[in-house]
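Student: below are the sequence and a predicted model for it; my questions follow.
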Amino acid sequence: MSFLEEKFSLRGKVVVVTGALGLLGKIHCRALSEAGANVIAADINKIEIENFVEELATESIGVELDVTKPEPIKDLVSRAINKYGKIDVLINNAAINDMFENPKAQLEESRFENYPLKLWQKSVDVNLTGIFLCSQIIGSQMISRGGSIINVASTYGIVAPNQSLYQDKDGNQKFFKPPGYSATKGGVIAFTKYLAAYWGDKNIRVNALSPGGVKNAQDEYFIESYSVKTPLKRMAEPTDYIGAVIFLASDASSYMTGANLIVDGGWTAW
């Protein structure tokens, strides 16, 4: 194996991925496995996650996980230690976007003035508290060995949503991107810096990855509207983040911590 191959290889590493059944979660898991990692794929759907790991190239396990509760995370750690003896990398990928119960009411409910407290709290619970708990419980297992924690943030944690994106062709607002997502993703970036400084002397590297918008069967008008606002003139393909994930998980980023790696097609460049 060449020097470069060794730097980017994940052979023998054990990687936990939360939100593993999401659009990007599945792709991250497949890429990590192909790079040689044993993947602990965690998501809230027990049967589906156990079936999914059968597709991976390395010996991996699927774990049912609710990131908002400490006990399931502790159970995951026990399974990981019993099977592999260690955890090298944690990718905090689990997150939610607001889902409004009544689509006809989503325009009014998504307005900041009317935004329901229960949706704000759910965003905080999953997007922020979930990362706190997973980092606290799983990251504590890395103290004796070192490791890498990758917190998936968003460009909307850096800049405000452009609400004109959520209009139809006639300029009518369909809904507003609500505040819970932006606030929690901004919190993820701040928490990443806190934890990087706190655990730096333990050789635990903590970095954020801020993706841009991902093409995923949206309306053609939305795709066009988003694309013209990026220098690369397109939305991301789901595979566009593979390189960043492998880089942050591997020894190729061994002198990188407390950073926010922005992969957004230039969205935040202007």
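Tutor: Structure's in. What do you need? Numbering: from 1, shown residues only.

Student: list of residues touching stretch 155-166?
Tutor: 173-177, 181-182, 184-189, 210-213, 222, 225-226, 229, 260, 262, 264, 267-268 (CB atoms under 8 Å, 6 or more residues apart in numbering). Placement of C-beta: from N, CA and C, glycine included.

Student: just the buried ones from these?
Tutor: By neighbour count, with 16 or more other CB atoms under 10 Å, the contacts of stretch 155-166 hold 175-177, 181-182, 184-189, 210-213, 222, 225-226, 229, 260, 262, 264, 267 as buried.

Student: measure the residue of the chain most remote from its centre to residue 221 for me?
Tutor: Ranking residues of the chain by C-alpha distance from their mean position (CA atoms, centre = their mean) puts residue 170 at the top, at 33.6 Å. As judged by CB to CB, to the nearest Å, residue 170 and residue 221 stand 10 Å apart.

Student: what does residue 32 give?
Tutor: 35 Å.

Student: which one's more surrounded, these two?
Tutor: residue 32 (28 against 12; other CB atoms under 10 Å).

Student: for the more buried one, list the residues it contacts.
Tutor: So residue 32 contacts 10, 15, 17, 39, 245, 246, 249 (CB under 8 Å, 6+ apart).

Student: try residue 120
Tutor: 179, 180.

Student: one more pass at 7 Å, please.
Tutor: residue 180 (CB atoms under 7 Å, 6 or more residues apart in numbering).

Student: could you tell me how far the helix or strand harbouring it lies from the centre of the chain?
Tutor: According to DSSP states H and E, residue 120 maps onto helix 117-123. Averaged C-alpha coordinates place helix 117-123 at 19 Å from its chain's average position (CA atoms, centre = their mean, to the nearest Å).

Student: what's the following helix or strand after it?
Tutor: helix 130-139.

Student: now that next one: buried residues?
Tutor: Of the residues in helix 130-139, those buried (16+ other CB under 10 Å) are 130, 131, 132, 133, 134, 135, 137, 138, 139.

Student: next one: stretch 3-20
Tutor: 8, 9, 10, 13, 14, 15, 16, 17, 18, 19, 20.

Student: and that stretch, end to end?
Tutor: 30 Å (CA to CA, to the nearest Å).

Student: which residues sit against it?
Tutor: So stretch 3-20 is contacted by 1, 25-26, 28-29, 32, 35-43, 49, 65, 67, 80, 84, 86-95, 134, 138, 246, 249-252 (CB under 7 Å, 6+ apart).

Student: which SS state does residue 177 fall under?
Tutor: Secondary structure for residue 177, judged by DSSP: H, G, I helix; E, B strand; the rest coil, is coil.

Student: which residue is the nearest non-sequential neighbour of it?
Tutor: residue 161 (3.7 Å; CB to CB, 6 or more residues apart in numbering).

Student: I'd guessed residue 96 sits against residue 125; true?
Tutor: No - applying CB atoms under 7 Å as the test, residue 96 and residue 125 come out as separate, 8.9 Å apart.

Student: and residue 103, how far from residue 175?
Tutor: 9 Å.

Student: wait, doesn't residue 151 sit right on residue 132?
Tutor: No - here residue 151 lies out of contact with residue 132, judged by CB under 7 Å, at a distance of 10.1 Å.

Student: quick one: contacts for the residue lying closest to residue 56 once chain neighbours are set aside?
Tutor: Nearest residue to residue 56, sequence neighbours excluded (CB to CB, 6+ apart): residue 33, at 4.1 Å. Going by CB under 7 Å, 6+ apart, residue 33 touches 39, 56, 57, 58, 60.

Student: pLDDT score assigned to the fourth one?
Tutor: What it means is residue 58. On the pLDDT scale, residue 58 is placed at 94.

Student: what about it, how many neighbours?
Tutor: Neighbour tally, residue 58, other CB under 10 Å: 18.

Student: and if you look at the third one?
Tutor: The number of residues packed near residue 57 is 14, by other CB under 10 Å.

Student: and the last one, by the same measure?
Tutor: Other residues within reach of residue 60, judged by other CB under 10 Å, total 23.
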